[in-house]
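A.B. asks: my questions are about this predicted structure, shown below with the sequence.
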Amino acid sequence: MATLRFNTIDSTEYRYFPITKKKIRLSVAAAHDARIALRNHLGEDSNVYEIVIGGWGNKMSAIKRNNSEPDVVEAETENILSSEAQSRFCIKWWCDGLLEVICHDFGDVRMTYKDDEPFVVNFIGFSTAWGSRGEWIVEHYTASLPAVRTQLAATCNYWIDCNSDEGLPRNAISASDDGLYIGRARHSNTVTPGSVRGRICSLAWGGSTHHKKEFQVLCHPNVGWVRSWQGSVPLYALPGGETEDSYALFVGRVLHENIYYVGKIQPNHQVCYIPLNGGEVAFTEYEVLVIDEDAIEYVGR
């Protein structure tokens, strides 16, 4: 288990992490409008619980379901947040549909909601908006593979088998205009995303670069790249593989010395690893591959 420490900018866009727990303890330093989203998956049609802490000018908190009005729960919580100190919370959800938000540093305030049509929570997202920025700490975080296993299976047909003796498929997706493509390959009980150049897939694992003559290349027509950081991924992020310890991997891209490299985003490590100069190099800021016809690059960091 790891402790996540990360920042959110002033944006209504959530940064997501896969999650397989039913309870999470977190704290945030923010002036107002700290937002947490619990989602089934990263597609547009996912069910979602949205928890707003210190909204409406740090006066109210609420729980929303699928962004519908009115809020399913509201509570008066004037000055519950501070940009100068961490405020602690605990969020729990059960298979019978009960969702509970406990505000540890604000008396006995609890927000509870009983959903008659509950859904499985596989992703948790964080955001600060309407002029607010946040510094978050998430305790005992895990990002194991079951959170994205369904999406990995559903998107396996996006990847086409290749080898160094054959040319790339005509519909292989370019990651830059200098002959870089998006690949993945098996290595040491993993499936790891990597860079494809010249019919070779290079991936980062165990501190080194590994070159694969047999690999898969991405052949989905509607992709884009969205900026992210510190292990998080945006909506529509494409799961790309798994570690030997059954942790989820996503596809990332890094611009280093004016050259793009494709690598693996490992949320529990909070970085994107790329194969570089024979090694495995970690970056805390990167771009995430997303599947979306209208993917727009995220700016504003």
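C.D. replies: That came through fine.
A.B. asks: neighbours of Met111, just the number please.
C.D. replies: Applying other C-beta atoms under 10 Å, we find 22 residues neighbouring Met111. (Each C-beta comes from the backbone N, C-alpha and C, glycine too.)
A.B. asks: and it, what pLDDT?
C.D. replies: pLDDT recorded at Met111 is 97.
A.B. asks: so it sits right up against Ile63, yeah?
C.D. replies: Yes - counting by C-beta atoms under 8 Å, Met111 does reach Ile63; the two are 5.6 Å apart.
A.B. asks: what touches both of those two?
C.D. replies: The contact sets of Met111 and Ile63 overlap at 51, 73, 101 (C-beta atoms under 8 Å, 6 or more residues apart in numbering).
A.B. asks: any idea how far the second one lies from Thr12?
C.D. replies: Noted for Val73: a distance of 20 Å to Thr12, by C-beta to C-beta, to the nearest Å.
A.B. asks: quick one: which of these two has more around it?
C.D. replies: Val73 (19 against 10).
A.B. asks: which one is the more buried one nearest to, not counting chain neighbours?
C.D. replies: Counting by C-beta to C-beta, 6 or more residues apart in numbering, the nearest residue to Val73 once its immediate chain neighbours are dropped is Ile63, at 4.1 Å.
A.B. asks: outline the domain layout of this protein.
C.D. replies: Domain ranges of the chain: 2-142, 149-291, per automatic domain parsing.
A.B. asks: chain center to the last one: distance?
C.D. replies: Centroid separation for domain 149-291 versus its chain: 15 Å, with C-alpha atoms, centre = their mean, to the nearest Å.
A.B. asks: where are the low-confidence patches of the stretch 151-300 of the chain?
C.D. replies: Low-confidence segments of the stretch 151-300 of the chain, defined by pLDDT under 70: 293-300.
A.B. asks: which residues of it fall in strands?
C.D. replies: With strands called from DSSP state E, counting those that start in this stretch, the stretch 151-300 of the chain shows them at 159-163, 181-187, 190-197, 200-205, 208-212, 214-218, 223-229, 239-242, 248-256, 259-266, 271-276, 279-283, 285-291.
A.B. asks: from memory Trp205 sits against His187, does it?
C.D. replies: Yes - Trp205 is within contact range of His187, at 5.4 Å (criterion: C-beta under 8 Å).
A.B. asks: what about Tyr16, which helix or strand?
C.D. replies: Per DSSP states H and E: Tyr16 is located in strand 15-18.
A.B. asks: ok, Phe119 next?
C.D. replies: Phe119 belongs to no helix or strand when assigned by DSSP H and E.
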